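Undergrad: give me coordinates for this.
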Amino acid sequence: MKFINYPIVHFSLLLTFGIITAYFLPFQLFNSFILLLITLLLLLIFWLTARKSLLPSITFGVISYICFFFIGYFNYQYRLPSFQPSHYSHFYSEEVPILLQFKILEELKSDPYNLKYIGQIEAIQGKIARGKILISIQKDSMNSDFAVNDILLVSAAIKTMPIPQNPHQFDYSKYMQTLGVYGQIQISEKNILKYTHGSITVFGLAQRFRNFLLSKLQSTSLETDERAIIEALALGQKKDISKELYSAYADAGAIHILAVSGLHVGILFFILSVLFKPIKHFRYGNYLFNILLIAILWCFAFISGLSPSVTRAVTMFSFLISAETINRQSNTINALFLSFFVLLLYNPLWLFNAGFQLSYLAVFSIIWVQPMLYKYYRPQFFLDKIIWDVLTVSLAAQLGVLPLSLYYFHQFPALFFVTNLVVIPGLGIILGGSLLYIILSASQSLPTWYDASYNYSISKLNDFIRWIASREDFLFKEISFTEAKMCATYLLIIFFILFCKKFSYKKFCYLTLSFNLLLGTFILDKYKTSISELVIFQSNKASMIGFKQAENLVVFKSDSLKTFKNAYPIKSYRISQRIHNYTEAIIPKLIKHGNEVVLFIDSSGVYPNGSKIDIVILIQNPKIHLERLIDSLKPRLILADGSNFKSYISRWQRSCEKRKIPFYHTGSKGAYNMEL
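TA: The predicted model follows:
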């Protein structure tokens, strides 16, 4: 791993380690700033004293590394709301309506009931404030949508982002924090007191131009699914893709082509490289070649709306294109890490963004692993060279993102190489054709034959994806993969590649150690999931109680007509707990496990008098006199799930306080887990 000796790699890794440390172990901003100043001062002193030496001292190198660690630490911590005096979180009380002025920064995919945007707070109650916020506006109350840079004055209550209320649930609040969003408002048109068009920005122009192109596509004769794919491929707009089609692309291992990112920018770079190759024969041709490529890639980012994922990808390839001038792998890796370093300096929150992680891991793996794979076979003909190129690139990229994909998506499409073998060679034609289609439709000069033929081509692509997705025997779903497994798998992959490149006893020891570490994570995970527990899930629509014993799960439910196996919140719990045997049953009156006796009281309000009960669980609004129940059963805990009325909850809570019995409400505290 020769590239590990390059300073930019060291600095990037230390910057990353500083950001991660600040994420898990934050302390006072002032202290981290002082430590950063001290290391910078020490670095300057040692540089002044050692600059005349032929070899830098070890102390200078150590202080340099510490300095970059604290740069990452301070840079992340400085972005947190608690360390920004002007952040809006310091100026409001939750649930109290206040006057807010904000500018719309980005339009998000809407849900069936609300338009959604990310906005930048500008003022609260007339006082200057800052910070990003999630905005939900009721669709039924709106006559038209808002655009990027529009400024709104509204009366609304800022609410914190909801935290997960069930075990192993996707944490939407953490995801929004990676975007710098820490609060939300829900409004209708009546809450909007005033709105104006803000000053024009490059980002606003990009969004407006993309919306113009989207409107032109709407007026063509493309079928709905085909138009949605073109919008996603060329303009980064995924909100019109149907749930069925999106799932098919995910199951076929082709979901990456629907998100404009490094793959699309890389393919566009390849097409442009071929088209502009003759320029290199002129004087200063290499410089002109690079300038043209970078300029066109940024134009592509502009028509894609300058979304963060596209901007990051184009920035990354701008550095990589510059490295192509020297045409050495070491410089390409240096350029990759330099772009990584610069982007994290600009926004350290991107480190925790799944798209950012997947993009860099895929590109790094292609640069590092693909040349090694390519050496195992030397193609003799043009066709097998293309097939071998695609296959080795796909394998290298998949190897780089596999552990992370398993962690985030819990599935592995085994036919990904078949999909990529067909899609990736044709993606350049499809992407180029999509851009041409958009240009022709925008200029109102789209030929009928091109319209029909392109619609047919995209429909056949969709049919192929659906066919691959239908091969369910080759799609491995519901794979439980923890953070520990992910990290241990990456260690194993790294040492395995190093071992394959050059055998040595030391590398073999590292490989064995990493394998044992991964094996240990599986053993630990099996031990954790072997514990029996009773889980009262939080749901406002139905009562769901999970009774888990090792890898067996029984879900007791109140509605006999519904099944919850693949529904929220049971599915994520099943996957994380590695459940192999799943059954459902109607909620019983009693559950006994060991010395614990759990009583369920439903809407009938019936319970056995005089029995000794440890835990009472109230579901479906039972009409009972709780104090009499407590005197009769003497439980140690009263619990109510989300299916009960709020008025009942308040009354029961007062009764428990009076009798000094602990009361737990899943609607306010989340699901209740009890080990048995």
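
Undergrad: list the buried residues in stretch 503-518.
TA: Neighbour counts over stretch 503-518 (16 or more other Cβ atoms under 10 Å) mark 507, 510, 511, 514, 518 as buried. Every residue, glycine included, has its C-beta placed from N, CA and C.

Undergrad: any low-confidence regions in the stretch 351-500 of the chain?
TA: Low-confidence segments of the stretch 351-500 of the chain (pLDDT under 70): 425.

Undergrad: show me where it has its helices.
TA: In the stretch 351-500 of the chain, the helices defined using DSSP state H, counting those that start in this stretch lie at 354-374, 382-409, 416-442, 448-469, 483-501.

Undergrad: which SSE is immediately downstream of the least confident helix or strand in the chain by mean pLDDT?
TA: Scoring the helices and strands of the chain by mean pLDDT, DSSP states H and E places helix 29-50 at the bottom, with a mean of 68. Remark: after helix 29-50, the chain's next helix or strand is helix 58-78, criterion DSSP states H and E.

Undergrad: can you give me the mean pLDDT across that following helix?
TA: Across helix 58-78, the average pLDDT comes to 82.

Undergrad: give me the helices and strands touching that helix, please.
TA: For helix 58-78, the packing partners by 3 or more Cβ pairs under 8 Å, 6 or more residues apart in numbering; DSSP states H and E come out as helix 7-24, helix 29-50, helix 329-346.

Undergrad: what's the closest of those helices to residue 456?
TA: With Cβ to Cβ, the closest approach to residue 456 among these belongs to helix 329-346: 38.6 Å.

Undergrad: any buried residues in that closest one, and which?
TA: Buried residues in helix 329-346 (16+ other Cβ under 10 Å): 331-341, 343-344.

Undergrad: can you check stretch 220-236 too?
TA: 220, 222, 225-236.

Undergrad: next one: stretch 462-477
TA: By neighbour count on 16+ other Cβ under 10 Å, the buried set for stretch 462-477 is 462, 464, 465, 466, 468, 469, 474, 475.

Undergrad: who touches that stretch?
TA: Stretch 462-477 has contacts (Cβ atoms under 8 Å, 6 or more residues apart in numbering) with 225-226, 229, 245, 247-254, 410-415, 418-419, 422-423.

Undergrad: try it again with 6 Å
TA: Applying Cβ atoms under 6 Å, 6 or more residues apart in numbering, the set of residues contacting stretch 462-477 from outside is 225, 248, 249, 251, 252, 254, 411, 412, 413, 414, 415, 419.

Undergrad: between those, which has the most around it?
TA: residue 252 (27 neighbours; other Cβ atoms under 10 Å).

Undergrad: for that residue, grab phi and psi.
TA: phi -90, psi 0 (degrees, to the nearest 10).

Undergrad: identify the residues contacting it.
TA: Contacts of residue 252 by Cβ under 6 Å, 6+ apart are 419, 465, 468, 469.

Undergrad: ok, now with 10 Å
TA: Contact analysis of residue 252 by Cβ atoms under 10 Å, 6 or more residues apart in numbering lists 413, 415-416, 418-420, 422-423, 464-471, 474-475.

Undergrad: apart from its chain neighbours, what residue comes closest to it?
TA: residue 468 (3.9 Å; Cβ to Cβ, 6 or more residues apart in numbering).

Undergrad: distance check, the one you found against residue 406.
TA: 19 Å (Cβ to Cβ, to the nearest Å).

Undergrad: then residue 649?
TA: 40 Å.

Undergrad: with residue 86 instead?
TA: Applying Cβ to Cβ to residue 86 and residue 406 gives a distance of 41 Å.

Undergrad: so which residues of the stretch 501-650 of the chain form strands?
TA: 533-536, 544-549, 552-557, 581-586, 590-593, 596-601, 615-618, 637-640 (DSSP state E, counting those that start in this stretch).

Undergrad: make TSV out of the helices and strands packed on helix 58-78 and add distance to residue 608.
TA: As requested, the helices and strands packed on helix 58-78 are exported to TSV (distance: least, Cβ to Cβ, whole Å):
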stretch	distance to residue 608
helix 7-24	49
helix 29-50	58
helix 329-346	62
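
Undergrad: of all these, which lies closest to residue 610?
TA: Closest among those, using Cβ to Cβ: helix 7-24, at 51.3 Å.

Undergrad: angle of that closest one against helix 329-346?
TA: 30 degrees (axes from the mean of the first three to the mean of the last three Cα atoms, to 10 degrees).
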